[in-house]
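**Student:** below: sequence and its predicted model.
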Amino acid sequence: MKSKNKNSIHFSVIFPIACIILAVTFWISIIIGNAVIDTSVIFDAIFNYDPMDMNHNIIIDVRIPRDIGALLVGVALAVSGAGIQSVTRNSLADPSLIGLNSGAALMLALTYAVSPVISFPILILAGFIGAMLGGAMVLMIGRSRKDGFNPVRLILAGAAISALLSALSQAVALFFRLNQSLIFWSSGGVSGTSWEQLYIGIPVVTVIVVIFILLSGQLSILNLGESVAKGLGQNVKLIRTVTMLLSMLLAGISVAIVGQIAFVGLMIPHIARFLVGTDYKKVIPLTAILGGCLVVGADTIARLMGEAPVSAIISFVGVPYFLYLIKKGGRTI
């Protein structure tokens, strides 16, 4: 009981600090850009928007949608990774590493091949279907009857399927002359985020994250093992199916907005569990906040480096962390 109270106090300290860091990171990201704009002008643009003022247009139509898009994608990828790691009990699971991102990218390439002008809801649907395709292929190969989702087998299957789907995406792009679009989806970036995307993406991601929070108790029990969860009366198959579908939808939305970004869903859940333990009632909210911090911060750094790919900035940290987990043996969680 004493340990439980200690963890609650710990979360009550960590979570507000994470929210403050996110707010500061978000504000810095709005300030930084090619055009130097005073803070007073930024406030004026937000509360007294003048469409004839170029600085106001830069803030309202470019920087704020871009930063909200980065925040949204960070939340989506991080929570998606937490969900996947929970149901597979695999510390190496990540939307990009189990074929979700590459599957979504392939379906988006096919969608653009059919028509260059596609509404954002259709892109989300296409990304979701593609994520389901890629994820299902990897999970079927990576699952073993004896030990469930074997970490090494899952990653090898993910690497193979991701390479296959990426090759198919390139083939589609070459055949239909979508090279420019393919470069965008491969490098990952939030510079083109629009309010139209956010009006749809924000409610969808918010609802899914709320559902994850409602499922967090079941995810915590499932994290103890399938036999324990069944013994406590859980419908393990239903929880796994719902969690994977929601994770795939989050991955599809992310790819539809920014393209392929890796390692967010791998690193952030680990950091959250390290800070607050394995109770998913705490892990999911903290994961969402930390994911937003990472992608918003990475996009700010990318902007300072002359619009470098956001995925490259995140991979600079993600690859060493991934190798560290591999060295530890890719244990289950």
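**Tutor:** Perfect, I can see it now.
**Student:** can I get stretch 130-138 in CSV, CA atoms only?
**Tutor:** What follows is stretch 130-138, C-alpha atoms only, in CSV (Å, rounded to 0.1, in the frame of the first residue of the first chain):
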residue,chain,number,x,y,z
GLY,A,130,-2.4,-0.2,-45.2
ALA,A,131,-1.4,-0.4,-41.5
MET,A,132,-3.7,-3.3,-41.0
LEU,A,133,-2.2,-5.1,-44.0
GLY,A,134,1.4,-4.6,-42.9
GLY,A,135,0.8,-5.3,-39.3
ALA,A,136,-1.2,-8.4,-39.9
MET,A,137,1.5,-9.9,-42.1
VAL,A,138,4.2,-9.2,-39.5
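**Student:** hmm, who's touching that stretch?
**Tutor:** Contacts to stretch 130-138, defined as C-beta atoms under 8 Å, 6 or more residues apart in numbering, come from residues 95, 98-108, 154, 157-158, 161-162, 165, 244-245, 247-249, 251-252, 255. All C-beta atoms are positioned from the backbone trio N, CA, C, and that covers glycine.
**Student:** what is the burial count for residue 315?
**Tutor:** Applying other C-beta atoms under 10 Å, we find 19 other residues in the vicinity of residue 315.
**Student:** how about residue 71?
**Tutor:** Residue 71 is flanked by 26 other residues according to other C-beta under 10 Å.
**Student:** so which strand or helix has the closest residue to it other than its chain neighbours?
**Tutor:** Taking C-beta to C-beta, 6 or more residues apart in numbering as the measure, residue 71 lies nearest to residue 292, with 4.3 Å between them; neighbours along the chain are not counted. In the assignment (DSSP states H and E), residue 292 maps to helix 280-304.
**Student:** tell me where the model's unsure across the stretch 151-300 of the chain.
**Tutor:** For the stretch 151-300 of the chain, applying pLDDT under 70 flags the ranges 151, 179-189.
**Student:** which stretches in it count as helices?
**Tutor:** Under the criterion DSSP state H, counting those that start in this stretch, the stretch 151-300 of the chain carries helices at the ranges 151-175, 179-187, 195-222, 226-231, 236-258, 264-276, 280-304.
**Student:** name the SS class of the residue of the chain most remote from its centre, please.
**Tutor:** What lies farthest from the middle of the chain is residue 52; by C-alpha atoms, centre = their mean that is 35.8 Å. When classified by DSSP: H, G, I helix; E, B strand; the rest coil, residue 52 comes out as coil.
**Student:** ok, now how distant is the residue most central in space within the chain from residue 210?
**Tutor:** When the chain is reduced to its mean C-alpha position, the nearest residue by C-alpha atoms, centre = their mean turns out to be residue 77, at 1.0 Å. Computed as C-beta to C-beta, to the nearest Å, the residue 77 to residue 210 distance reads 17 Å.
**Student:** quick one: the residue nearest to the centre of the chain and residue 156, what's the gap?
**Tutor:** The separation that residue 77 has from residue 156, given C-beta to C-beta, amounts to 22 Å.
**Student:** ok now the helix holding residue 292, how far from the chain's centre?
**Tutor:** 9 Å (C-alpha atoms, centre = their mean, to the nearest Å).
**Student:** next structured bit after it?
**Tutor:** In the C-terminal direction from helix 280-304 (assignment by DSSP H and E), the next one is helix 310-327.
**Student:** and residue 90, backbone torsions?
**Tutor:** For residue 90, the backbone dihedrals (degrees, to the nearest 10) come out as phi -120, psi 120.
**Student:** beta partners of it?
**Tutor:** The partner list for residue 90 in beta bridges (DSSP bridges) reads residue 332.
**Student:** pretty sure it sits against residue 154.
**Tutor:** Yes. Under the criterion of C-beta atoms under 8 Å, residue 90 lies in contact with residue 154, with a separation of 5.8 Å.
**Student:** returning to that earlier point: could you find the closest non-adjacent residue to the residue nearest to the centre of the chain?
**Tutor:** In space, not counting the residues next to it along the chain, residue 77 is nearest to residue 264; the distance is 4.0 Å by C-beta to C-beta, 6+ apart.
**Student:** this completes my enquiry, with thanks.
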